[in-house]
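K.L.:
below are the sequence and a predicted model for it; my questions follow.
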Amino acid sequence: MDTAFAPLRESGLVVFERVLPSEVLESLREICSRVLERSTRLRLRVPLEVLARAPFRGGLIAALPHVEQALIHVLGSRPRASEYWIRASPRGAARQAIHRDRRSFEAFAVDLALTDLTRENGATEIWPGSHRIFDTDEASFRSTASRAAEHGSIRLVMPAGSVAIRDLRLWHRAMPNQTSDDRVILSITVQGHAA
């Protein structure tokens, strides 16, 4: 089992395609759609507090055994969801600067694709293995773009219902959405339970 999840430690990323049950996918789409309709600000990152409450709390990860096992493999304990975000990219959303979500603390994002993620609708660009490149000071942290040019990147293209686990220290950026539909991801920040 350990060898199955080794890429998560090595590259900082693993994808499970089409693992969300269709009824869960539809339920999450409906919840996120209602939240996005009420959102008055740019819809790139909207907190989703409803999933931090019952009956959702802890249930999404536990309902996906491969995802939970991969997280246990890297965290060494049962995963704990600490934040829930809708990451919606509408038509015309700008390309993000290359960045990390965390600099040193080991935590992961579990990204649930609620729509197909394609090159055309701005699938995230990720630099596998960049979680192992350390920032020695503030200047090196700010020079991420020039350092990223020296390493290969991939696009996180996957069908709706898929789940990606990514180390929050990975360099990444959202790309422009060139379609007329929103690209929507439910992103859950996960860390291990404190001992």
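P.N.:
Received the coordinates, thanks. Numbers count the residues shown, from 1 in each chain.
K.L.:
give the buried residues for the longest helix seen in the chain.
P.N.:
Longest helix in the chain, counting residues (DSSP state H): helix 22-38. By neighbour count on 16 or more other Cβ atoms under 10 Å, the buried set for helix 22-38 is 24-25, 28, 31-32, 35-36. To be clear about C-beta, it is placed using only N, CA and C from the backbone, and glycine gets the same treatment.
K.L.:
enumerate every residue touching the residue nearest the centre of the chain.
P.N.:
Most central in the chain under Cα atoms, centre = their mean is Asp111, positioned 3.5 Å from the mean C-alpha point. When contacts are counted by Cβ atoms under 8 Å, 6 or more residues apart in numbering, Asp111 touches 87, 156, 163-166, 185-188.
K.L.:
try it again at 7 Å.
P.N.:
By Cβ atoms under 7 Å, 6 or more residues apart in numbering, the contact set of Asp111 is 163-164, 166, 185, 187.
K.L.:
and Ser140, what's its pLDDT?
P.N.:
Note on Ser140: pLDDT of 63.
K.L.:
neighbouring contacts of stretch 69-76?
P.N.:
Contacts for stretch 69-76 (Cβ under 7 Å, 6+ apart): 1-2, 5, 8-9, 14, 78-79, 108, 165, 190-192.
K.L.:
could I get the residues you listed as CSV with secondary structure and pLDDT?
P.N.:
As requested, the contacts of stretch 69-76 are exported to CSV (DSSP: H, G, I helix; E, B strand; the rest coil; pLDDT from 0 to 100):
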residue, secondary structure, pLDDT
Met1, coil, 47
Asp2, helix, 59
Phe5, helix, 75
Leu8, helix, 88
Arg9, helix, 87
Val14, strand, 94
Arg78, coil, 76
Pro79, strand, 79
Phe108, strand, 93
Ile165, strand, 95
Val190, strand, 89
Gln191, strand, 85
Gly192, strand, 74
